[in-house]
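Novice: Predicted coordinates and the sequence they were generated for:
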Amino acid sequence: ILKGKSAVVTGSTSGIGLACARALAAAGANIVLNGMGVPADVEKERSAIESEFAVKAIYSSADMAKPNEIFDLIALGENTFGSVDILVNNAGIQHVSPIEEFPAEKWDAVIAINLSAAFHAIRAAVPGMKRRSWGRIITTASAHSLVASPFKSAYVAAKHGIAGLTKAVALELARSKITCNCISPGYVWTPLVEKQIPNTMVARKLRRDEVISDVLLAAQPTKEFVTAEQVASLALFLCSADAAQITGANLAIDGGWTAA
Ligand code: NAD
């Protein structure tokens, strides 16, 4: 369904972003991969996408904390493939700390990468989408765009910001055949989740298994992690013609977390 289209997926060297890139490629889209990672590992993922799905895939190491690099990332997609039809704002980081000890530079980094990067990327991609009268903007928000948890002030603020940005942009683009939505997963088993276990153990004085059952999956009524592939399937659906009237939405995929 996406043959001839191209997609920029930020933070797609691992986890949810990589799953989204692969799902969009499987549907025929050319892909711009982005994110940190060991060059050899990134190259393996890039060439696997090309060979498995018979599309073109390129990689950019653009830093989502730097507005000029975000602008260049969108330009790279447009110059290489002729268009950026789909933008998936997915890059994200986490920092877990009590508010009174929260390092100011961590706050700035979380807001830059998890919130401002989406603004800069959307701003750069919209003119081309408007010219072609078609576009899909999807941002990976989080259950933390709807509810909060202690010790995650910057992340919760950034993700709530994404929900608001999504609504404002959707309204602005409502007559342009460009939809703008965010997806709000509960806990997905990825490196991002794994990496926050040690800090949470310290912050809450818990063992590793207690963090998993009592903190991570405590809020998720199904007691199962979401998979990255399930998030990617929803992103792919949002790119379909059937999803043309879904815009400004914040779609939860959280095992019932935000129903409670
Ligand atoms: P991950 O750590 O596996 O992937 C994060 C990606 O972002 C990686 O590709 C990484 O290289 C990239 N990235 C980080 N900083 C970057 C920067 N400065 N510039 C460019 N790329 C950068 O994590 P994930 O769990 O797949 O997270 C992806 C998104 O999903 C994030 O926005 C996260 O907040 C969100 N999310 C994750 C979960 C979860 O449980 N894993 C739940 C809800 C929302």
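Specialist: Looks like it arrived, so ask away.
Novice: near the ligand, which residues of the stretch 1-150 of the chain?
Specialist: Residues of the stretch 1-150 of the chain lying near the ligand by C-beta under 6 Å from any ligand atom: 10-17, 34-37, 63-65, 90-93, 113-114, 140, 142. In short, each C-beta sits where N, CA and C put it, glycine included.
Novice: Strands of the stretch 51-200 of the chain, residue ranges please.
Specialist: In the stretch 51-200 of the chain, the strands defined using DSSP state E, counting those that start in this stretch lie at 57-60, 86-89, 135-140, 178-185.
Novice: want to throw those strands into TSV with mean pLDDT and mean neighbour count?
Specialist: Converted to TSV, these look like this (pLDDT from 0 to 100; neighbours: other C-beta atoms under 10 Å):
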stretch	mean pLDDT	mean neighbour count
strand 57-60	98	20
strand 86-89	99	30
strand 135-140	99	27
strand 178-185	98	25
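Novice: Need phi/psi at the residue nearest to the spatial centre of the chain.
Specialist: Nearest to the geometric centre of the chain sits N90, at 1.9 Å (C-alpha atoms, centre = their mean). As for N90, its main-chain torsions (degrees, to the nearest 10) stand at phi -130, psi -20.
Novice: returning to that earlier point: just put the strands of the stretch 51-200 of the chain in CSV and tack on distance to G256.
Specialist: Listed next are the strands of the stretch 51-200 of the chain as CSV, based on distance: least, C-beta to C-beta, whole Å:
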stretch, distance to G256
strand 57-60, 35
strand 86-89, 25
strand 135-140, 19
strand 178-185, 13
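Novice: still on that earlier bit, only the buried subset of the residues of the stretch 1-150 of the chain next to the ligand, as a ChimeraX command please.
Specialist: Here is the ChimeraX command that picks out the buried ones among those, judged by 16 or more other C-beta atoms under 10 Å:
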select :10,11,12,13,14,15,16,17,34,35,37,63,64,65,90,91,92,93,113,114,140,142
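Novice: can stretch 250-257 be found next to the ligand?
Specialist: No: shown here: stretch 250-257 not in contact with the ligand (C-beta under 6 Å from any ligand atom), separated by at least 8.2 Å.
Novice: tell me which residues in that stretch are buried?
Specialist: N250, L251, A252, I253, D254, G255, W257.
Novice: May I ask which helix or strand encompasses the second one?
Specialist: Read it as L251. strand 250-253 (DSSP states H and E).
Novice: Show me what that strand is packed against.
Specialist: Here strand 250-253 touches strand 178-185, helix 228-238, going by 3 or more C-beta pairs under 8 Å, 6 or more residues apart in numbering; DSSP states H and E.
Novice: Check the gap between the nearest residue to I1 once chain neighbours are set aside and A143 for me.
Specialist: Counting by C-beta to C-beta, 6 or more residues apart in numbering, I1 lies nearest to A27, which is 5.2 Å off, once chain neighbours are set aside. Distance, A27 to A143, by C-beta to C-beta, to the nearest Å: 26 Å.
Novice: Helix or strand with the lowest mean pLDDT in the protein?
Specialist: Lowest on mean pLDDT, DSSP states H and E among the helices and strands of the chain sits helix 191-204, with a mean of 87.
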